[in-house]
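Engineer: sharing a sequence plus its predicted fold:
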Amino acid sequence: MTDTQDKALTAEIELLTFQVGKQEYAIDIMSVREIRGWSKATPLPHAPAFVRGVINLRGTVLTIVDLAERLGMGRTEASERNVIIVVHTGKETVGLLVDAVSDILAINKSDLQTPPEMSADNNQTFVSALMIADERMIRILALAAALPAESMEVA
Amino acid sequence: MMDDDDPMIEIRASFFVECEELLEALQDGLQIMDDGQSDDETINVVFRAVHSIKGGAGAFGLEALVRFAHQFESVLDGVRSGNITVDRSAISVFFQSGDILADLVRAARDDTPQDETSTQAVLASLETILGHSAADEPEEVIDDFQPMSLVLDLGLDDAGPVDADPADVTVTPVFEDGYTIHFVPDSSLYVSGNEPLHLLRLLREMGDIQVMCDTSSIPTLADIDEEKSYLSWTIHLTTDEEEDAVREVFDFVADLCSLTITSPQAGSDDTPPPTPERPPLDDTSPTEPPLSTVDNQTTTGATAAETASEQLTVTPVATLPSAPANQDPPTPTKPATAKPRPTVRVDLERIDRLVNLVGELVINQAMISQSVAEADLLANTAVAEGLDEFMQLTRDIQDSVMMIRAQPVKSLFQRMSRIIRESSSMIGKTVRLKTIGDETEVDKTVIERLADPLTHMIRNAVDHGVETPADRLAAGKSEEGIVTLSAGHRSGRVIIEVSDDGAGINRPRVLQIALEKGLVQEGAQLSDAEIDNLLFMPGFSTASEVSDLSGRGVGMDVVKSAILALGGRVTIQSEPGSGTTFTISLPLTLAVLDGMVIDVAQQTLVVPLNTITETLTLTENDIRALGPETSVIKVRNTFVPLLDLGAELGYRTPMDSYIGAIVLLIAQEDGTHAALVVDAIQDQRQVVIKGLQDTFGSVPGVAAATILGDGKIALILDPVDVIAHADGRTRCARANLQLAG
């Protein structure tokens, strides 16, 4: 469950939007701990391709998930322009490797639309809702589903 | 916090912590009695422990506890006064009573119900013992608790409240036993940085202490030479320690003071105090005034003591660290009931935070070192020197912090002695626990997590290891089996051994069971060591009838995995007819590790040093092809599988040639080896362990991570796990080259 859903219909939520490949995604700003630049990750042996490895976040070991790879858009060629969004869910703290952070939007819960079911796309399970901002479609990321712990259990 | 409102909660909590310490002392005492080495003092200690628990319990209205402790105390008092003779059965009742007492304390603490029937049963046994003896009425007053009587000889006829100049006051104690120590520091003692307060504190740790400071030699302010020594002390110490131990306190200052120690026997005589061991005057300060005065002091003190014993007036005592010659109205001093051990109780969470912070500090220091090295500064610059000191300090801090977490294994071993008692009586064997090295200190977390596996091993030793009394007698052994639990430090690791003097592992039966359960192939030739290790196989249980005690199907495999989880190893040695020994080897701490920093495929990794037996550089002659894709190397006269670490971790494909490659020879649990190819060896150093589990779950072949001097994360390998997962390809290029990062 994402935090967006937990808050039910209580008025406004704030979303952090960001670019993954050519697509625009958003997550509840309350789950964001910090945003930092890319630094080279230490790869983990036998890890799924979307786990880029681990970095040192002020003394703790932070797992980095390549969100583009995770969402089936291919591996991100990470450079200094890339950004790591450090997110925290109930269980874990993970860094999401994305292309760029765009904006912070304050929206109403009622603006969120349920995504239509189309089983062909494998990244569909990672989108919990859709919304429109300035004529662009923004996908609300189902954070828990995208994180490695979840996927490791399935694997 | 709401608890802050009620100070009683805190006091209550500290009472229970004290109880744990008292219970430990009680166990110790009983153990000594059981070993037949008890003297009066042992019984006193046991008595005092029970008495103190009773006293505290009374204050908190813990009735059940008071009632039981009272009964126990009565019996012990009988033992003290010699009305009850202690035999084997009595000791065993005492042990049970100790267990019940511990249960009652815990029940009271956690507010859980206590099993009434067992309490009643033990109470009844105590009653029986008490009934056996024609018990005189128990002495209410305990000698040890009697307040010391002291006399303040004012040199005046007026016995009223003192308002004389402190310099005129001579505080003279009347002592019945204990040591009397006259301690007159020379000025050189202070010059060399010693501090009498520390010595006095050491003495205080040895027992009841009363300290009188003689300030009479202090001249008027105008005449004071701040470099000179004017103070001297008369100390009365009631302790169980030998005189040598008392003397040892002054070991480092023996040449810097004049010291007279009067032992208990001499002190009760009317003999004048012995002359100081050495002339009180130091060569360097021949005209120092206080010393001669002090000599007078001690003499007058002794004569005053004689007269004082007739007067027996209770007068104030200048106790540590209050000012000399207390001017308050007289108050009787009450010596503490137990030896005071100055300790601070700290939340474990706070210590863990400190440990983490120190870990950060170590990493930070490594980073600074690296940047300084990169800056190409000269070795004798201030920065480099400061950094050296910083490194030294960091290491000291780290060691000290680790020491805070370290605890003696004693409490753990005592729990085991109870398990032995309960489990052996349950199956009708007589088994005795012998403990060795229970003062060995181990990380607290390790101790906590060792309790379950150790309990299991002890039960196994009682159940499967030690034979029935009849079998033992038939084998020419004493009826009583012995399980030995020992702890010690060996080459940077903690070694804990559980051994029994039983029949040893019945290897034919173990093999037969393993065959029945399909754990080994029919006709397989197994060495003795391999058969012994079958015990660690999941689902192995040798007891032909499943007893209450052990053999619930969860067996030694659980023990083994629990110990592996602590970074430890467990091995078995067994000698038919004379017993089995399980050896657990554990790292000293879970926070740092000695590792070899290596490079493989542009990645930096850390291999725990204790897994590496040697490092080699391969020559053409060493490498032999085994299968189409695998190779072995010849190490002396054995063949060892060659594994490319980079390939096994998926960092690269196998190389074309391994001639000239560096390999680490890794020892596995079963004594076999494997060789891991690495690109380069950088360094050997201590690294701070950072868990991966929190973020990612376990990664095959990787034990943890650490942070290097450049701030990058390096993975700490579990080489044994790498080898277990290895496919061994060293010759054929693999199809999928995928290099992460």
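Structural biologist: It's in. Numbering: from 1, shown residues only, chains lettered A, B, ... in the order given.
Engineer: give me the pLDDT for the residue nearest to B:Glu41 when sequence neighbours are not counted.
Structural biologist: Leaving aside its chain neighbours, B:Glu41 sits nearest to B:Asp240 (5.6 Å; criterion: CB to CB, 6 or more residues apart in numbering or on different chains). Heads up, the C-betas are built off the backbone N, CA and C, glycines and all. pLDDT recorded at B:Asp240 is 75.
Engineer: how many neighbours does B:Asp240 have?
Structural biologist: Counted by other CB atoms under 10 Å in any protein chain shown, the residues lying close to B:Asp240 total 13.
Engineer: again with B:Ala562
Structural biologist: Neighbours of B:Ala562 (other CB under 10 Å): 19.
Engineer: element containing it?
Structural biologist: Using DSSP states H and E, B:Ala562 sits within helix B:556-565.
Engineer: what strand or helix carries B:Gln114?
Structural biologist: Using DSSP H and E, no helix or strand contains B:Gln114.
Engineer: wait, doesn't it sit right on B:Ala64?
Structural biologist: Yes: using CB atoms under 8 Å, B:Gln114 is in contact with B:Ala64, at 6.6 Å.
Engineer: mutual contacts of those two, please.
Structural biologist: Jointly contacting B:Gln114 and B:Ala64 under the rule CB atoms under 8 Å, 6 or more residues apart in numbering or on different chains are B:Leu104, B:Ala107.
Engineer: list the contacts for residue 58?
Structural biologist: No chain was given, so I picked chain A. With CB under 8 Å, 6+ apart, A:Arg58 has no contacts at all.
Engineer: nope, chain B please
Structural biologist: B:Val66.
Engineer: with B:Ala64 as the reference, measure out to it.
Structural biologist: For B:Gly58, the distance to B:Ala64 equals 12 Å [CB to CB, to the nearest Å].
Engineer: likewise B:Ala366?
Structural biologist: Taken as CB to CB, the span from B:Ala366 to B:Ala64 is 56 Å.
Engineer: who has more neighbours, the two?
Structural biologist: More crowded of B:Ala366 and B:Ala64, by other CB under 10 Å: B:Ala366, with 22 against 15.
Engineer: I'd say the more buried one and B:Leu708 touch.
Structural biologist: Yes: between B:Ala366 and B:Leu708 there is a contact at 7.0 Å, judged by CB under 8 Å.
Engineer: hang on, the earlier thing: sheet partners, orientation included, of the helix or strand following the helix holding B:Ala562?
Structural biologist: Next along the chain after helix B:556-565, taking DSSP H and E as the criterion, comes strand B:569-575. Strand pairing for strand B:569-575, determined by DSSP bridges: strand B:579-587 (antiparallel).
Engineer: the inter-axis angle of the strand it pairs with versus helix B:556-565?
Structural biologist: 30 degrees (axes from the mean of the first three to the mean of the last three CA atoms, to 10 degrees).
Engineer: so which bits of the helix holding B:Ala562 are buried?
Structural biologist: B:Met556, B:Val558, B:Val559, B:Lys560, B:Ala562, B:Ile563 (16 or more other CB atoms under 10 Å in any protein chain shown).
Engineer: measure the residue nearest to B:Glu41 to chain A for me?
Structural biologist: The spacing between B:Asp240 and chain A, counted by CB to the nearest CB, to the nearest Å, is 48 Å.
Engineer: remind me which helix or strand residue 128 belongs to.
Structural biologist: Answering for chain A, as no chain was given. Counting by DSSP H and E, A:Ser128 is part of strand A:127-133.
Engineer: meant chain B actually
Structural biologist: Going by DSSP H and E, B:Thr128 is in helix B:116-132.
Engineer: equivalent analysis for B:Glu73, please.
Structural biologist: For B:Glu73, the enclosing helix or strand under DSSP H and E is helix B:63-80.
Engineer: show me what contacts B:Leu645?
Structural biologist: B:Val600, B:Leu605, B:Leu676, B:Val677, B:Val678, B:Leu717, B:Val722.
Engineer: now, which of those lie within helices?
Structural biologist: Counting by DSSP state H, these place B:Val722 in helices.
Engineer: for residue 15, the count of nearby residues, please.
Structural biologist: This is for chain A. When neighbours are counted by other CB under 10 Å, A:Leu15 registers 24.
Engineer: nope, chain B please
Structural biologist: Residues contacting B:Phe15 under the criterion other CB under 10 Å number 22.
Engineer: for it, which non-adjacent residue is spatially closest?
Structural biologist: B:Phe15 sits nearest to B:Gly56 (CB to CB, 6+ apart), 4.8 Å away.
Engineer: for the one you found, give me its contacts.
Structural biologist: Per CB under 8 Å, 6+ apart, neighbours of B:Gly56: B:Phe15, B:Glu18, B:Cys19.
Engineer: chain A: which of those is nearest?
Structural biologist: Closest to chain A out of the contacts of B:Gly56 is B:Glu18 (37.4 Å), distances taken as CB to the nearest CB.
Engineer: helix, strand or coil for that closest one?
Structural biologist: Following DSSP: H, G, I helix; E, B strand; the rest coil, we place B:Glu18 in the helix state.
Engineer: kindly report the same for the one 4 residues further on.
Structural biologist: Judged by three-state DSSP, the three-state class of B:Leu22 is helix.
Engineer: give me the distance between the residue nearest to it when sequence neighbours are not counted and chain A.
Structural biologist: Distances taken as CB to CB, 6+ apart place B:Ala49 nearest to B:Leu22, at 4.3 Å, with adjacent residues excluded. B:Ala49 sits at a distance of 45 Å from chain A (criterion: CB to the nearest CB).
Engineer: no more questions from me, cheers.
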